[in-house]
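K.L.:
Sharing a model prediction with you, sequence too.
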Amino acid sequence: MKIVIDEEKCVAAGQCVSAAEEVFDQRDEDGIVFLLNPSPPAELADDVRRAAAVCPALAITIEE
């Protein structure tokens, strides 16, 4: 699983962090998402998929 974030689309809603806090976090200065773990273990895959699905800006894509 490869996670791609489009920072230009991110609206800093934080839904991804709520869904997968082990994988995503937000920058303090502007709230834009960044990856804590670009290659998460398989047991976090469902959380990562959920994070991508709940992103209001569709800024997260997953390449399986």
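P.N.:
Cool, the structure landed. This one's a predicted model, so the numbers in the text were calculated from it and none came from an experiment. Numbers count the residues shown, from 1 in each chain.

K.L.:
which stretches of this structure form helices?
P.N.:
15-19, 45-54 (DSSP state H).

K.L.:
From the chain's centroid, how far away is the longest one?
P.N.:
Read that as helix 45-54. 8 Å (Cα atoms, centre = their mean, to the nearest Å).

K.L.:
which of the helices of the chain is buried the deepest?
P.N.:
helix 15-19 (a mean of 20; mean count of other Cβ atoms under 10 Å). Bear in mind the C-beta positions are built from the backbone N, C-alpha and C, glycine included.

K.L.:
So which elements touch that helix?
P.N.:
If contacts are counted by 3 or more Cβ pairs under 8 Å, 6 or more residues apart in numbering; DSSP states H and E, helix 15-19 sits against strand 24-26, helix 45-54.

K.L.:
Let me have these in JSON lines, adding distance to Ser18 and mean pLDDT as columns.
P.N.:
Below are the helices and strands packed on helix 15-19 laid out as JSON lines (distance: least, Cβ to Cβ, whole Å; pLDDT from 0 to 100):
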{"stretch": "strand 24-26", "distance to Ser18": "9", "mean pLDDT": "98"}
{"stretch": "helix 45-54", "distance to Ser18": "8", "mean pLDDT": "97"}
